[in-house]
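Undergrad: Attaching a predicted model along with its sequence, questions to come.
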Amino acid sequence: MLAAGAAVTLAAACGGSEPVPLQPVATGKPPSYYPAGYASVIEASKKEGGTLTVYSNTDQENWAPILRDFKRKYPWVEKVAANNLDSDEVFQRVLSEQATGNSPADLLVSNAAQAWANFAGRDGTLMEYESPEVSKLPKFGKLLAGVYSMSVDPLAIVYNGSLLEEDLTGLEHLADLATEDADKYRDKITARDVEGSFGFTVSHAFADARPGAWAHLQKLLPMARPETSSGTQLEKITSGEYIAGFFINAAPAYPVIERSGGLLELAFPSEGTVALPRGIGIAAKAPHPATAKLFVDFLLSEEGQRAVAEGGLTSYRDGVQAGDGRHTYQELVGKVGADNVIVTEYTEIPEGDVDAFLSRWNGLLAR
């Protein structure tokens, strides 16, 4: 991942070295079910200068096929600048800039559910845009007024196959192994740091949906060490510093596992698999509002969701096929069952509940 605050500018499509889209993109034409008045949005976009600025916590490789196909569909958009920030920093920077009355941000992308709920609840921060794609989306496709799911990425257990003699099936399985051989597993398991937004969101969502799983966490957490990023967890599992880790974002994990030559393995917890939406919304004072609307609508369309999957995130629109490195929500449901998918909601947890959860979780960690 790029350093926080680094600007990533992806230039317009330029020649034969660029990957070809999986399916043709309908240049300049919205889907047939869009309202007739949508033509005015397209015309307004053409007058906005052909640029767009995105504040996000999403990596360049994830964006590449999305921006490639968006620019082919709307070729007058020649420049999209994406600042790669931390999950919370996306909102902190926009709020700071909006306070001065001068923010370049058109779009915000983050999977910090609590921060999104807080941001969307403030006056004058977010455009409450109703996308014409809404009727085609599942319920979790719209997270808040004006906030939509870009992807819905599952949280997995990742483990070093050379250090385990059996395939993991869930947290209970890992907890039983750790209890049977405490010397082997002590400090060799990694969990996500719940003091950060991502770690809190996914861990709280799991425990809230599966309160009985605290019995497994009470065995695992005393042997676990927290880390602040999936990247760090994956590096240390690969090196053997950790045997296994849980609640690791599958989106960055998939390519690392593929490159590991069979060393790393991934499992979705049988007790329930958390799926975390990555939210996208338009800033209230977006400098290029029409182009921002085009981008959101494209991203939510079947065309856009194919590009989301191609970029390594988990798409969720029906009609997008998994395979060849592409992953979908439907694929996840097929593996674990619909009842075992825990889709995280974008709600602000009361401060007292946050404190109680942090106290209980951190109180179990080894000191």
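TA: Great, that's in hand. Residues are numbered from 1 along each chain as shown.
Undergrad: What sits closest to Gln233 if chain neighbours are left out?
TA: Leaving out its chain neighbours, the residue that sits closest to Gln233 by C-beta to C-beta, 6 or more residues apart in numbering is Gly245, at 4.5 Å. Where you see a C-beta, it was placed from the backbone N, CA and C, and this is true even at glycine.
Undergrad: Check the secondary structure at the one you found for me.
TA: Taken by DSSP: H, G, I helix; E, B strand; the rest coil, the conformation at Gly245 corresponds to strand.
Undergrad: What are the boundaries of the strands in the chain?
TA: When secondary structure is read from DSSP state E, the chain shows strands at 6-10, 51-56, 79-84, 107-110, 142-144, 147-160, 189-192, 224-227, 244-249, 264-267, 273-282, 314-315, 327-328, 341-343.
Undergrad: What separation is there between Leu220 and Ala244?
TA: Here Leu220 is placed at a distance of 9 Å from Ala244 (C-beta to C-beta, to the nearest Å).
Undergrad: Tell me if I'm right that Met150 and Val109 touch.
TA: Yes - the pair Met150 and Val109 passes the contact test of C-beta atoms under 8 Å, sitting 6.1 Å apart.
Undergrad: Of these two, which one has the most company?
TA: Neighbours were tallied for Met150 and for Val109 using other C-beta atoms under 10 Å; the higher tally belongs to Met150 (30 against 22).
Undergrad: pLDDT below threshold where in the stretch 251-367 of the chain?
TA: Counting by pLDDT under 70, the stretch 251-367 of the chain has low-confidence residues at 367.
Undergrad: Could I get the full set of helices for it?
TA: Along the stretch 251-367 of the chain, the segments classed as helices by DSSP state H, counting those that start in this stretch run 289-300, 302-310, 329-336, 351-364.
Undergrad: Could you find the residue nearest the spatial middle of the chain?
TA: Arg278 (3.9 Å; C-alpha atoms, centre = their mean).
Undergrad: give the contact list for it.
TA: Counting by C-beta atoms under 8 Å, 6 or more residues apart in numbering, Arg278 touches 58, 109-111, 149-153, 313.
Undergrad: before we move on, the earlier item: mind listing the shared neighbours of Met150 and Val109?
TA: Common neighbours of Met150 and Val109, counting by C-beta under 8 Å, 6+ apart, are 58, 278-280.
Undergrad: list residues touching both of Leu220 and Ala244?
TA: By the contact definition C-beta under 8 Å, 6+ apart, Leu220 and Ala244 are jointly contacted by 174, 189.
Undergrad: I'd like the helices of the stretch 251-367 of the chain laid out as a markdown table, including distance to Gly231.
TA: Converted to a markdown table, the helices of the stretch 251-367 of the chain look like this (distance: least, C-beta to C-beta, whole Å):
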| stretch | distance to Gly231 |
| --- | --- |
| helix 289-300 | 24 |
| helix 302-310 | 20 |
| helix 329-336 | 22 |
| helix 351-364 | 22 |
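Undergrad: okay, those, which one's buried deepest?
TA: Comparing these on average neighbours per residue, with mean count of other C-beta atoms under 10 Å, the densest one is helix 302-310 at a mean of 25.
Undergrad: wouldn't Glu227 be in contact with Lys236 here?
TA: Yes - the criterion here is C-beta under 8 Å, and Glu227 meets it with Lys236 at 7.3 Å.
Undergrad: Among the two, which residue is more densely surrounded?
TA: For Glu227 and Lys236, the more surrounded residue by other C-beta under 10 Å is Glu227, and the numbers stand at 21 against 17.
Undergrad: List the beta-bridge partners for that one.
TA: Arg192 (DSSP bridges).
Undergrad: got a pLDDT number for it?
TA: According to the per-residue confidence, Glu227 scores 95 in pLDDT.
Undergrad: Assess the claim that Val77 and Phe70 are in contact.
TA: Yes - under the criterion of C-beta under 8 Å, Val77 makes contact with Phe70 at 6.8 Å.
Undergrad: so what's the residue nearest to Leu52 when sequence neighbours are not counted up against?
TA: The shortest distance from Leu52 to any non-neighbouring residue, by C-beta to C-beta, 6+ apart, is to Val80 (4.7 Å). Contacts here follow C-beta under 8 Å, 6+ apart; on that basis Val80 touches 9-10, 51-54, 63, 67, 70-71.
Undergrad: And the pLDDT for Val80?
TA: pLDDT, Val80: 95.
Undergrad: ok, back up a step: of the shared contacts of Met150 and Val109, which pair is most distant in space?
TA: Of all pairs drawn from the shared contacts of Met150 and Val109, the one with the largest separation by C-beta to C-beta is Thr58 and Gly279; the distance is 11.0 Å.
Undergrad: Common neighbours of those two, please.
TA: Common neighbours of Thr58 and Gly279 are listed as 109, 150 (criterion: C-beta under 8 Å, 6+ apart).
Undergrad: Got phi/psi on Arg186?
TA: When read as degrees, to the nearest 10, the backbone of Arg186 gives phi -60, psi 130.
Undergrad: Around it, count how many other residues there are.
TA: Neighbours of Arg186 under the rule other C-beta under 10 Å: 14.
Undergrad: Out of the helices of the stretch 251-367 of the chain, which is closest to Phe200?
TA: Comparing these by C-beta to C-beta, helix 351-364 comes nearest, at 7.2 Å.
Undergrad: packing partners for that closest one?
TA: helix 197-209, helix 214-220 (3 or more C-beta pairs under 8 Å, 6 or more residues apart in numbering; DSSP states H and E).
Undergrad: Would you mind finding the most buried of those?
TA: For these, the stretch with the most neighbours on average is helix 197-209, a mean of 21; neighbours defined as mean count of other C-beta under 10 Å.
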